[in-house]
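Chemist: Sequence and predicted structure below; questions after.
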Amino acid sequence: MLDSLHHEAEIDGVEVRYHRFASKRIRGLYVDGVITLNPTAISSQPEMLCILAEELGHHFTSSGIILDQNNLLNRKQELRARRWSYHRLIPLERILEAYKARVKGRFEIADYLGVTEEFLQQTIDRYKEKYGVCVSVDDQHILYFEPLGVLELFPLDNDNLL
């Protein structure tokens, strides 16, 4: 998935660089078509994927310098980039895919999806905020966000009803 995001960035003309920032608080930055990731502040591949996705989200959804998070408009742009990353890395169908693969528990689901548990939880929280307690993914499945689970629907055979 990390390679896929790198490729997506490249296709859209976004350069991805790696740089050791003095502060470990800075894990990634997006400025003028360049994403810079701080490998010393990132502890795992899943974390790298989540940060790259968010920074790519800034490319697609943000404008200007939004470092001052005391500014409401900047916070809104930050949230928009995060939401983009949630939908990009974990669309509803991927959660359903994990269910079909019989993956259980948040740790295992996050591992299966290649993201951090924190990112998975933030994504679930976003979907719950957007859809409510549950959402129909297709004609055969309802995805519940609290507790996280899938209800599989079976078609009725009208010829064999009582």
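Modeler: Good, I have the coordinates.

Chemist: got the contact list for the spatially closest residue to D12 that is not a sequence neighbour?
Modeler: Spatial nearest neighbour of D12, excluding adjacent residues (CB to CB, 6 or more residues apart in numbering): H59 at 6.8 Å. C-beta: built from backbone N, CA, C; applies to glycine. With contact taken as CB atoms under 8 Å, 6 or more residues apart in numbering, H59 is in contact with A9, D12, V14, Y30, G33, I35.

Chemist: what comes up buried for stretch 38-46?
Modeler: In terms of neighbour count (16 or more other CB atoms under 10 Å), stretch 38-46 has its buried residues at N38, A41, I42, P46.

Chemist: Give me the contacts around it.
Modeler: Residues contacting stretch 38-46 (CB under 8 Å, 6+ apart): 2, 18-21, 23-28, 48, 51, 110-111, 114-116, 119.

Chemist: One more: stretch 102-120?
Modeler: 1-2, 44-47, 49-50, 85-86, 89-90, 94-95, 98, 101, 121, 123, 148.

Chemist: are any of those residues buried, and which?
Modeler: Here, 16+ other CB under 10 Å leaves 46-47, 49-50, 85-86, 89-90, 94-95, 98, 123, 148 buried among these.

Chemist: three-state assignment of I95?
Modeler: For I95, the assignment made with DSSP: H, G, I helix; E, B strand; the rest coil gives helix.

Chemist: pLDDT score for it?
Modeler: We have a pLDDT of 96 for I95.

Chemist: which non-adjacent residue is nearest it?
Modeler: Closest to I95 by CB to CB, 6+ apart is L143, at 6.0 Å.

Chemist: Would you mind giving the secondary structure of the one you found?
Modeler: strand.

Chemist: Quick check, pLDDT for it.
Modeler: pLDDT, read off for L143, is 97.

Chemist: for it, which residues make a bridge with it?
Modeler: Assessed by DSSP bridges, L143 has beta-bridge partners V135, V150.

Chemist: and for the helix or strand bottoming out on mean pLDDT in the chain, what are the contacting residues?
Modeler: None of the helices or strands of the chain scores lower by mean pLDDT, DSSP states H and E than helix 72-89, at a mean of 90. For helix 72-89, contacts defined as CB under 8 Å, 6+ apart pick out 1, 5, 49-50, 53-58, 60-63, 66-69, 113-115, 119, 122-123, 126-127.
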